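Colleague: Task: produce atomic coordinates for the following.
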Amino acid sequence: MAIKVGDIVKYDNKQQRVMGFAFDNENLLRLSHESKSAHINVNNVTLVETFIKPDIKIGDFIRILDIPGNEQTFYMDANKPVDDDIYEVINILDEKRVGMVVSVLVNGEKHHYMAQYVKKVHDYDMI
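Modeller: Residues are numbered from 1 along each chain as shown. Below you'll find the model as predicted:
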């Protein structure tokens, strides 16, 4: 099975999340516990847990899950913690290099979250 963004892999004796791929090279990974500029060859990691993308579309409602500290700071413009609230999805980007990214409005500002940090709220979950 091919490794993709969101998967958990083992590298350097640590379990790490695949945060993305290098530009123009699907064999070089960016991992959550490595420097942001490090590119790790996909052949040097072992798949621990595969990430299954959620069935989320624009207009759905989601909650933002707890995000590990090193993953909050990996990207400058994504995965920042917010209040435990319900947010409406306003945009979705889904590409191999960065995976599925869900956008919501928080106090009028657009925030972006990798799909592994969101959970769809079903109609019967809302009161």
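Colleague: in the chain, which spans are strands?
Modeller: Taking DSSP state E as the criterion, the chain carries its strands at 8-11, 14-22, 25-31, 40-41, 46-49, 61-64, 87-95, 99-106, 109-114, 118-121.
Colleague: what's the closest of those strands to residue 71?
Modeller: strand 14-22 (6.2 Å; C-beta to C-beta). C-beta: built from backbone N, CA, C; applies to glycine.
Colleague: so how far is the closest one off the chain centroid?
Modeller: Offset of strand 14-22 from its chain centre (C-alpha atoms, centre = their mean, to the nearest Å): 10 Å.
Colleague: That strand: partners in the sheet, and parallel or antiparallel?
Modeller: Taking DSSP bridges as the criterion, strand 14-22 sits next to strand 8-11 (antiparallel), strand 25-31 (antiparallel) in its sheet.
Colleague: So which of these is nearest residue 98?
Modeller: Of these, nearest to residue 98 by C-beta to C-beta is strand 25-31, at 9.5 Å.
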